[in-house]
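Q: generate coordinates for the sequence data below:
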Amino acid sequence: MVDKATHDDIDTELELISSSLLPAERLTSSESGSWPRVIDITSEDCKLSLHINVNEGYRVKDAVQIEVKSKSMGREEASGWKERVEEKMKGWNEEEDYPLYQILSIHFLPLLAPSSTPPITISPSQDPVPINDTSLKPHHCLLISHHLLSSTKRKDLLS
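A: Numbering: from 1, shown residues only. Okay, the predicted model is just below:
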């Protein structure tokens, strides 16, 4: 069995998630030191947002609830998103070092990406949208290198 995460573990993982967000995306979190941790991820480029509750016992899938929200979302569409989230959460792996980061970067953060296509609406009466192979690739990537300390090497990495 995997050990329960501490508040420091959650803080570390939230820092990792926050560091990997795109410039238009923002992460806000409730204060550290108490359960549940309430996390919101929004984007200036998308009407959708992510609302995450992390409860005591984290690392276990049942301790995490993820919701896809929108100000203009109707009841049927919200129900469809709930089903989609439940399906994606089947990929939760508590053995990962950073399971919340993994599930968010693979399945949920891509929903906030700017797109040239209209947003997908989901309702229980619709067939699920086919998933292509690119949707299984992480949307966000965190680059870590000791070369980032050198301004010339950092410029070389960016180019």
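Q: hang on, Ser105 in a helix?
A: Yes - counting by DSSP: H, G, I helix; E, B strand; the rest coil, Ser105 falls inside a helix.
Q: tell me the spacing between it and Arg37.
A: Computed with CB to CB, to the nearest Å, the distance linking Ser105 and Arg37 is 18 Å. In short, each C-beta sits where N, CA and C put it, glycine included.
Q: just so I have it, where are all the strands in this structure?
A: Along the chain, counting by DSSP state E, strands occupy 25-29, 37-43, 49-54, 64-69.
Q: save those strands as TSV, and put in mean neighbour count and distance to Lys90 too.
A: Converted to TSV, those look like this (neighbours: other CB atoms under 10 Å; distance: least, CB to CB, whole Å):
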stretch	mean neighbour count	distance to Lys90
strand 25-29	16	24
strand 37-43	19	21
strand 49-54	19	17
strand 64-69	18	12
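Q: dump these to JSON lines, plus distance to Glu94 and mean pLDDT.
A: Output for those, formatted as JSON lines (distance: least, CB to CB, whole Å; pLDDT from 0 to 100):
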{"stretch": "strand 25-29", "distance to Glu94": "21", "mean pLDDT": "95"}
{"stretch": "strand 37-43", "distance to Glu94": "17", "mean pLDDT": "96"}
{"stretch": "strand 49-54", "distance to Glu94": "13", "mean pLDDT": "97"}
{"stretch": "strand 64-69", "distance to Glu94": "10", "mean pLDDT": "96"}
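Q: let's have the ones you listed in a markdown table, adding distance to Pro114.
A: A markdown table is the format used below for the strands of the chain (distance: least, CB to CB, whole Å):
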| stretch | distance to Pro114 |
| --- | --- |
| strand 25-29 | 10 |
| strand 37-43 | 8 |
| strand 49-54 | 14 |
| strand 64-69 | 17 |
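Q: select, out of the ones you listed, the one closest to Asn93.
A: Within the strands of the chain, the stretch nearest Asn93 is strand 64-69; the backing value is 12.1 Å (CB to CB).
Q: how about the helices in this structure?
A: Ranges of helices in the chain, per DSSP state H, are 7-20, 75-88, 99-103, 151-158.
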